[in-house]
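1. the following block contains a protein sequence and its predicted model.
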Amino acid sequence: MYDLRGHAASQSGGYGDFGFGGLGEIFDTFFGGAFSDAASRAPRQGENFRLKTRLTFEEAAFGCTREFTIRRTEACQECNGTGCAEGTSPLKCTDCGGSGRLRRVEQSIFGRFSHVVRCPRCGGTGSIITVPCSHCKGTAQVTVSRTLRTQIPAGIDNGGQVTLRGKGSLGAHGGAAGDVHIAVEVEPHEVFSRDGLDINCELPINFAQAALGGEVAVPVLGGTTSIRIPSNTQTGKMIRLKGKGIQEAGGKRCGDQIVQVRVVTPKKLDPDQRRLFEELAKILPTE
Ligand SMILES: [Zn+2]
Ligand SMILES: [Zn+2]
């Protein structure tokens, strides 16, 4: 600043209006009120909401509906978002001539600064509400509690998110309404675990079933199914049930259920069982 002033002073030979007027214009260009004013009047998206919900394994697999209550800002319905009482309309602001902006010139020791400010009388809207709507007090918007009912799509996984576009608060200056984001947490299941669209589960069987094979009931999503265990089945054997996994919402993809067999040693034996195992022990080869 000092250097510029010194330079201007030496050229014009004094602190004349001419030199400082030029500086004022430069400042208007660089720091112009018009810039910050434009930023404050720029379209701005309304408030977003971040919610959470917990689903059971089955709810996530099959999809479900959930309700959420939020307090959001909406356009006042009484006045259709005008802020004016019924039968009245806004008048053009006489202070700014309806532009919503005023040019201010300030004198300082550095020269004249000219900048554009928002018209304080009309708040930059360019119009004056003569009779405010009694419902919104002329603000044209209201804050209300709304219950949103939404479908959580089938196949959503832990950590997934559902977004309800435009269900948040009203935007400002023509900006879009905010969004509602719902973070999904899926509770662990006592039998199933998930790997993408596939479902894993363990199938405990006893020595006789493992050795002889046979029909065994297996839990599947929404019920049970019967599968055939081949004879001489070992612990760790994997059996794939095609199409018994998670069905993707709206998609054709469907996962499988992968059953892992586990041969369970009896925790205790009654006298009859013990006698039979002892008989068996005499004739089975040792490993
Ligand atoms: Zn005005
Ligand atoms: Zn209103």
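-> Cool, the structure landed. Ligands and ions are numbered 1, 2, ... in the order given.
2. what distance do you get for the residue of the stretch 151-287 of the chain found nearest ligand 1 to Ile239?
-> Proximity of the stretch 151-287 of the chain to ligand 1 (C-beta to the ion) peaks at His173, 15.5 Å away. Backbone N, C-alpha and C define where each C-beta goes, glycine included. Distance, His173 to Ile239, using C-beta to C-beta, to the nearest Å: 61 Å.
3. next one: Leu102
-> In terms of C-beta to C-beta, Leu102 sits 79 Å off from Ile239.
4. cool, and Ser169?
-> Taking C-beta to C-beta, one finds Ser169 at 52 Å from Ile239.
5. the more surrounded of these two?
-> Ser169 (21 against 17; other C-beta atoms under 10 Å).
6. hmm, Ala176 and the more buried one touching each other?
-> No: assessed by C-beta atoms under 8 Å, Ser169 is found out of contact with Ala176, at 10.6 Å.
7. what do these two both touch?
-> Residues touching both Ser169 and Ala176 (C-beta atoms under 8 Å, 6 or more residues apart in numbering) are Gly46.
8. what does the stretch 1-150 of the chain put close to ligand 2?
-> With C-beta under 5 Å from the ion as the criterion, the stretch 1-150 of the chain comes near ligand 2 at residues Cys76, Glu78, Cys79, Cys133, His135, Cys136.
9. any of those buried? List them.
-> Cys76, Glu78, Cys79, Cys133, Cys136 (16 or more other C-beta atoms under 10 Å).
10. which ones among the residues you listed map onto helices?
-> Members of those lying in helices (criterion: DSSP state H): none.
11. take these and write them to a markdown table, including distance to ligand 1 and pLDDT.
-> Formatted as a markdown table, those follow (distance: C-beta to the ion, whole Å; pLDDT from 0 to 100):
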| residue | distance to ligand 1 | pLDDT |
| --- | --- | --- |
| Cys76 | 21 | 95 |
| Glu78 | 24 | 93 |
| Cys79 | 20 | 93 |
| Cys133 | 20 | 95 |
| Cys136 | 20 | 95 |
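12. which single one of those is nearest to Leu284?
-> Cys76 (84.5 Å; C-beta to C-beta).
13. residues contacting the closest residue to that closest one other than its chain neighbours?
-> Counting by C-beta to C-beta, 6 or more residues apart in numbering, Cys76 lies nearest to Cys136, which is 3.7 Å off, once chain neighbours are set aside. Residues near Cys136 by C-beta under 8 Å, 6+ apart: Cys76, Glu78, Cys79, Gly83, Val142.
14. quick one: the fourth one from ligand 1, how far?
-> The spacing between Gly83 and ligand 1, counted by C-beta to the ion, to the nearest Å, is 15 Å.
15. all helices of the stretch 51-200 of the chain, in order?
-> 57-62 (DSSP state H, counting those that start in this stretch).
16. flag every residue of it that's near ligand 1.
-> Cys93, Asp95, Cys96, Cys119, Arg121, Cys122.
17. wait, doesn't the last one sit right on Leu102?
-> Spelled out, it's Cys122. No: in this structure Cys122 lies outside contact range of Leu102 using C-beta under 8 Å: 10.1 Å.
18. which neighbours do those two share?
-> In contact with both Cys122 and Leu102: Asp95, Cys96, using C-beta under 8 Å, 6+ apart.
19. these two: which is more packed in?
-> More neighbours surround Cys122 than the other of Cys122 and Leu102, with 22 against 18 (other C-beta under 10 Å).
20. quick one: pLDDT of the more buried one?
-> With respect to pLDDT, Cys122 has a value of 88.
21. ok, now which ones touch it?
-> Here Cys122 is in contact with Cys93, Asp95, Cys96, Gly100, Ile128 (C-beta under 8 Å, 6+ apart).
22. for the last one, name its beta-bridge partners.
-> Under the criterion DSSP bridges, Ile128 forms beta bridges with Leu91.
23. I'd guessed it sits against Leu91; true?
-> Yes: assessed by C-beta under 8 Å, Ile128 is found in contact with Leu91 at 4.9 Å.
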